[in-house]
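A.B. asks: Just a sequence and a predicted model for now, questions to come.
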Amino acid sequence: MALRDALRAAAERNLDLVEVAPTARPPVCRIMDFGRYKYEQSKRDREARKRQHIVSIKEVRMTPKIEDHDYDVKVKNAEKFLREGDKVKVSVRFRGREIVHTDIAQRLLREMAATLSEVCIMEREPRVEGRHMIMILTPRQE
């Protein structure tokens, strides 16, 4: 259809002539109410933003000398964070000469990963960074 005819047809219906595919040969246009289209598009975008879940990283800290009950509390907190859909950064802080016993911390972190294996996947293996040993757990996708 010629541009003049298309513009006349849009004006007769009190609508707008909107170019949909400008790179196509010939260019593709559509007769529509552009204001209404923009409104519906913004409404869809708002709904999409409402439904999205931003994944944050929660941290659980402990020391190599942690007691059993304290460890259980940390595991419970980590499980709660994972069930909410957040990643968990588990870190063991070494103080003083504790840095020599990285094997204890590694065992502690691997034990925690094994305990939480039904709700998470180990994203990053336990690794020493400065005076901390860090492991990252990601929620398991259902």
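C.D. replies: Done, it's in.
A.B. asks: other SSEs contacting the helix or strand containing residue 18?
C.D. replies: With elements delineated by DSSP states H and E, residue 18 resides in strand 16-21, which encompasses its position. Applying 3 or more CB pairs under 8 Å, 6 or more residues apart in numbering; DSSP states H and E, one finds that strand 16-21 contacts helix 3-12, strand 28-32, helix 34-51. All C-beta atoms are positioned from the backbone trio N, CA, C, and that covers glycine.
A.B. asks: With respect to burial, which of the ones you listed scores highest?
C.D. replies: Ranked by average neighbour count under the criterion mean count of other CB atoms under 10 Å, these are headed by strand 28-32 at a mean of 15.
A.B. asks: What mean pLDDT does it get?
C.D. replies: This predicted structure assigns strand 28-32 an average pLDDT of 91.
A.B. asks: any idea of the angle it forms with strand 16-21?
C.D. replies: Here the directions of strand 28-32 and strand 16-21 differ by 150 degrees (axes from the mean of the first three to the mean of the last three CA atoms, to 10 degrees).
A.B. asks: who's in contact with strand 28-32?
C.D. replies: Residues from elsewhere that reach strand 28-32 (CB atoms under 8 Å, 6 or more residues apart in numbering): 6, 9-10, 13, 15-21.
A.B. asks: Likewise for stretch 57-66?
C.D. replies: Looking at what lies outside stretch 57-66 - CB under 8 Å, 6+ apart - the contacts are 70-71, 74, 77-78, 81, 86-95, 98, 101, 104-105, 108, 136.
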